[in-house]
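**Student:** this one's structure only:
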DNA sequence: ATCATGCTTCGACTACCATCGAACAATGCT
DNA sequence: AGCATTGTTCGATGGTAGTCGAAGCATGAT
């Protein structure tokens, strides 16, 4: 029974409000500097620095020095998944059921989960790709079908590059708001990239919300229906 | 950005070694009394009581008073899933890569995850049931096929009862050791029940390990192959 | 060179909380 | 009724960790 300490070690890292704020900010997927994270957490730079070194030592966050800035990001998709899982429990057992504000509404519809699209639109995308046979599900693992490969290439995604990388191309990621899976992995990330590049959607600064433009939303739903 | 405090609230509950030990003990699925949990955590009854009230207030644990005992259990499968997710991160980013001992080996092969079978055998079961068409996967949700329903009834599972209950019959649960899904939900729980009732396997006391007897192991693999 | 910016380290303070001893309440056994 | 067992509450203690001010290092800009 020595897994207790290890479990608590990781959980305690998330268990501080300042660090939790930093981590949720990093859930947006973009790397942030130490001072940005300090503001995000509502603490001074010194304390933020202390927290960030703990997070990196703990393996939750990785850091890349660039000039006089240090950019911090989540260590990997698995960390993001863990955070979503904790949020899920927090949401269902929250002491005060704060009724969803407009921001919360937007979050439920479309938000960034680490680097791919989550929320109801993310789930719709996942389901539509499955229904059209562009991705398939075998042994509870996702994969790209031959037709899907051609289709994604056509959509402007460099499948060769994705397949060459270590990272899994397809992966299911469970949602906390809707309790369904959406598409993660490098393909999920690439699709979100395309949506933004096409001007269909725009990342709101300093937030996880993904705002679809009206024509972008139409194009997106058209994509699913076809 | 007020989700930080909520996130940290839940994580901090898991972030204490004593509480983490209690929670991992409860991952076995069986409800435990306060004093059993005190021993499990290595603290006195007083501190255990304090921790347990925090866990129940926090919504991670539910309690049922029975005579002069109070039985504690995880609040639900979602909590178990969260704990597994945290363990997953802890395992991959562990500071000291403790080489797997014999106990750890057994845990990887077959263990209880809340109330169903996890580990490599759990994954094999899940895959075999899918391959034989006894359960199917649509839109990343599992369901029982008609043939499967008959087969499970034949195996001694009261499907009527399962379907009448609120709890989902089939559910995928992600594993931390193997990174694959295994079968959760009331059907997963019922299957584990049958394995134990058939004498194929035995729960090790005070541990999550599921020990298959040699003939039980043969019967189990035969079940999958057929 | 000099200054400014971003970040870390050091030191001290504070607050919280985990822990246990002791007393108390509740239940069950005989 | 009397006693043992189980569990909670209270109070005191100690340690730990989060916090910030001030100083120290880098790197980049002028």
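**Tutor:** Cool, got the structure. Computed from a prediction, not measured in an experiment: that's the story for all the values here. Numbering: from 1, shown residues only, chains lettered A, B, ... in the order given.
**Student:** I figured residue A:157 was touching residue A:187, is that so?
**Tutor:** Yes. Residue A:157 is within contact range of residue A:187, at 7.3 Å (criterion: C-beta atoms under 8 Å). Yep, even glycine has a C-beta here, placed from its N, CA and C like the rest.
**Student:** between those two, who's got more neighbours?
**Tutor:** Ranked by neighbour count (other C-beta atoms under 10 Å in any protein chain shown), residue A:157 and residue A:187 place residue A:187 first, with 26 against 19.
**Student:** Any regions of chain A where pLDDT drops low?
**Tutor:** In the predicted model, chain A carries pLDDT under 70 at residues A:1-4, A:94-104, A:138-141, A:166-167, A:174-180, A:205-206, A:226.
**Student:** Contact residues of it facing DNA strand D?
**Tutor:** Counting by C-beta under 7 Å from any atom of the strand, chain A comes close to DNA strand D at A:12, A:16-18, A:43-44, A:46-47, A:50-51, A:54, A:67-68.
**Student:** Could you rerun that using 6 Å?
**Tutor:** Proximity of chain A to DNA strand D (C-beta under 6 Å from any atom of the strand) is limited to residues A:16, A:18, A:43-44, A:46-47, A:50, A:67-68.
**Student:** what's the farthest-apart pair in the residues you listed?
**Tutor:** Maximum pairwise distance in the residues of chain A next to DNA strand D, criterion C-beta to C-beta, is 28.7 Å, between A:16 and A:67.
**Student:** Give me the more crowded residue out of these two.
**Tutor:** residue A:16 (20 against 6).
**Student:** how many neighbours does the spatially closest residue to that one that is not a sequence neighbour have?
**Tutor:** Nearest residue to residue A:16 in three dimensions, chain neighbours excluded: residue B:8, at 5.8 Å (C-beta to C-beta, 6 or more residues apart in numbering or on different chains). Neighbour count of residue B:8, defined by other C-beta under 10 Å: 26.
**Student:** gap between residue B:8 and residue B:189?
**Tutor:** For residue B:8, the distance to residue B:189 equals 32 Å [C-beta to C-beta, to the nearest Å].
**Student:** cool, residue A:92 as well?
**Tutor:** As judged by C-beta to C-beta, residue A:92 and residue B:189 stand 20 Å apart.
**Student:** next one: residue A:154
**Tutor:** Separation of residue A:154 from residue B:189 (C-beta to C-beta) stands at 45 Å.
**Student:** could you give the angle of the lengthiest helix in chain A to helix B:77-92?
**Tutor:** The helix that spans the most residues within chain A, counting by DSSP state H, is helix A:77-92. When axes from the mean of the first three to the mean of the last three C-alpha atoms, to 10 degrees is applied, the directions of helix A:77-92 and helix B:77-92 differ by 150 degrees.
**Student:** Can you give the contact residues for helix A:77-92?
**Tutor:** A:10, A:14, A:23-24, A:27, A:60-61, A:74, A:113-115, A:171, A:173-177, A:184-185, B:3, B:6-7, B:9-11, B:59-60, B:78-79, B:81-82, B:85-86, B:88-89, B:92 (C-beta atoms under 8 Å, 6 or more residues apart in numbering or on different chains).
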